[in-house]
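> Can you look at this prediction? I've put the sequence above it.
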Amino acid sequence: MDLSHLGGRVRAALRARSGPARGGISRRRALQAVLAAVSALALLLWWLLPSGGPSYPHRPISLATGVRNGVYDLYGKLLKADLRTALPGVPVDLVRTEGSVDNIKRLVSGQADFTIAAADAVANYQGPGRADLRACARLYDDYMQLVVPRDSPVRSARDLRGLTVGVGQADSGVNLITRRLLTAAGLDVNKDIKAVPVGIDKAPGMLLSGRLDAFFWSGGLPTAAVAAMATPVDRIKLVQLGDLVSRLHAMGPKMQYYRQAVMPADAYPKAQRGQAISTIAVANLLVTTDHANTGLVERLTRTVIDSRDAIGKEVHAAQLVDLRTAVFTDPLPLHVGAERYYRSVKP
């Protein structure tokens, strides 16, 4: 918008003010003209400039999520709805992917602006663009889930020898963890089981139809696709994996991102029949690169924290997003925009 006419009014008024005095009325008129021009300019700038937070580029952004029916997928949809208000003028495109490993690849290649990824997958990535990765927030934990039919004799991962097992899609975080778990259990994924690379979008149906004997899944609790398998008829059970934690940690420093955890008895009430299940958990991070606009990242980070309760009504795992833990984003440093947000709300 052309502001030159306002500048002209200011200059003319100032010239009149500095010229020969023609009495009090002339001086008052000159001063009034200056004040009117300045007020008009200030009002126009207030209307043109972004309000309610830092400025940001008004262009489309993309968020890489995960497989259909997964927690990343649903979380991304709900976050997108909140970003319509938080980032007016910025269309958000959701991109379905195979999961964490695929997400990081898309981010560093420029195919996505933001993504969600498990901390172990981030730490494992050592390809091009690794040094550019930055975190916006620690979100919630994924719990590793080994699902089998209710009448299955499987009691631990060691019992999977010779069985047909869903191990997650090739570039998923599920696949990364599953391979490590099977190694910790003393099994070779290429020899000791028949590994099927399917995700949560297909694995439940394949298990119920007998095409799989078991499948692994890593996701927030509860995952809707797993919960649906236990209703209205109790058809599945979950197998403990907690006995593998110490073996995992002994496999090297990259295993530090796994911690012993317990799936509470009410995660999948019918499938668990009132019993808590010992397993492993890993943190999820909201990730971008250091090229992302500072104002954009600050606003997006604020939205993630502020939307916790609303999103948590549908994605229960999101209830665990917390301002006090969001800054712990190992193995990544925080983006400067995220740092600005956390400093702004620090007590």
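Looks like it came in fine. Keep in mind the model is a prediction, meaning the values are calculated, not measured. Numbering: from 1, shown residues only.

> Show me what secondary structure element comes after the longest strand anywhere in the chain.
In the chain, assigned by DSSP state E, the strand with the most residues is strand 133-149. Per DSSP states H and E, the first helix or strand lying C-terminal to strand 133-149 is strand 164-166.

> buried ones in the helix or strand just after that following strand?
Sequence order places helix 173-184 as the next helix or strand after strand 164-166, per DSSP H and E. Neighbour-count burial for helix 173-184 flags 173-182, 184 (criterion: 16 or more other CB atoms under 10 Å). Just so you know, the C-beta spots here come from the backbone N, C-alpha and C atoms, and that holds for glycine as well.

> and which of the residues you listed is nearest Pro204?
Distance to Pro204 across the buried residues of helix 173-184 (CB to CB) is lowest for Val174, with 13.4 Å.

> contacting residues for the nearest residue to that closest one once chain neighbours are set aside?
The shortest distance from Val174 to any non-neighbouring residue, by CB to CB, 6 or more residues apart in numbering, is to Gly168 (2.9 Å). Each residue near Gly168 by CB atoms under 8 Å, 6 or more residues apart in numbering is listed here: 99, 174-178, 197-199, 216-218.

> I'd like those residues as a markdown table, with pLDDT appended.
Conversion of these to a markdown table gives the following (pLDDT from 0 to 100):
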| residue | pLDDT |
| --- | --- |
| Gly99 | 97 |
| Val174 | 97 |
| Asn175 | 98 |
| Leu176 | 98 |
| Ile177 | 98 |
| Thr178 | 98 |
| Pro197 | 98 |
| Val198 | 97 |
| Gly199 | 96 |
| Phe216 | 98 |
| Trp217 | 97 |
| Ser218 | 96 |
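
> Reformat those residues as JSON lines; add distance to Arg68.
As requested, those are exported to JSON lines (distance: CB to CB, whole Å):
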{"residue": "Gly99", "distance to Arg68": "12"}
{"residue": "Val174", "distance to Arg68": "14"}
{"residue": "Asn175", "distance to Arg68": "17"}
{"residue": "Leu176", "distance to Arg68": "20"}
{"residue": "Ile177", "distance to Arg68": "20"}
{"residue": "Thr178", "distance to Arg68": "19"}
{"residue": "Pro197", "distance to Arg68": "16"}
{"residue": "Val198", "distance to Arg68": "12"}
{"residue": "Gly199", "distance to Arg68": "8"}
{"residue": "Phe216", "distance to Arg68": "18"}
{"residue": "Trp217", "distance to Arg68": "13"}
{"residue": "Ser218", "distance to Arg68": "16"}
